[in-house]
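[1] sequence plus the predicted model coming up.
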Amino acid sequence: MMLFETIKTENGNILNITGHNQRMNRSRRLLFNTHDQINLVSHIRVPDECSEGVFKCRVIYGKRIEKVEFERVVPQNIRKLRLITANGIEYSHKYADRSALTALLTMKEDCDDIIIVKNGLVTDASFANLVFFDGQKWITPSTPLLRGTRRQLLLDQGMISEAVIRPRDLPGFSRVSLINAMRDIDRESQILICT
């Protein structure tokens, strides 16, 4: 079983490394019964050709770091999300095997991505956590499939809060934004939710 971390680098700087270290070491402890702590800073060397601009650093690991690779960020233009029910899905760690999520994407029809509903509760999109704007504050589902590093950082900073969100609650929000290590809140998002 392999896992991975996706880490944003900007002009050669590694962002939110504390959050990625915490999640990676927690997963290693829970899944592989490891007790040592890996510091990703010791394993990531930003190549010269990736030192200007924004890049995605992908760290593949199990008990130890297996591979570190970089790729230029290609922004995804998300305009429509389709609600998909998937009560059996489990993605509590950032598994390299994303086949269950990929299978759900085949149901997106004419939409760009999906909102996964599990046991009647809103969770995540296929590649990101969700935040919803109620006119005053941004709220993230308290039931994510994966507790993302950007999500945790925004919670720690008090920029977002958690709440139980059901599909019937969605019309009460004026905006939805997808967040992950590479994406911050898009406060101007105009994403349509299709049921």
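    Noted; the coordinates are in hand. Every value quoted in this text rests on a predicted model; they were computed, and no experiment measured them.

[2] use CA for all of it now, contacts and neighbours both
    Will do.

[3] list the buried residues in stretch 111-131.
    Neighbour-count burial for stretch 111-131, counted by 16 or more other CA atoms under 10 Å, picks out 111, 113-118, 121-131.

[4] just the ones of those in strands?
    113-118, 121-122, 129-131 (DSSP state E).

[5] please identify the helix or strand for residue 71.
    Following DSSP states H and E, one finds residue 71 within strand 65-72.

[6] what's that strand packed up against?
    Packing contacts for strand 65-72, counted by 3 or more CA pairs under 8 Å, 6 or more residues apart in numbering; DSSP states H and E, involve strand 54-61.

[7] repeat that with 10 Å
    strand 3-10, strand 54-61 (3 or more CA pairs under 10 Å, 6 or more residues apart in numbering; DSSP states H and E).

[8] residue 74: which of the ones you listed is closest?
    strand 54-61 (9.0 Å; CA to CA).

[9] who touches the longest helix seen in the chain?
    In the chain, with assignment by DSSP state H, the single longest helix is helix 17-32. Residues outside helix 17-32 that contact it (CA atoms under 10 Å, 6 or more residues apart in numbering): 1, 3-9, 33-41, 59, 61-64, 92-95, 147-153, 181.

[10] residue ranges of each domain in this protein, please.
    Per automatic domain parsing, the structural domains of the chain span 3-72, 80-194.
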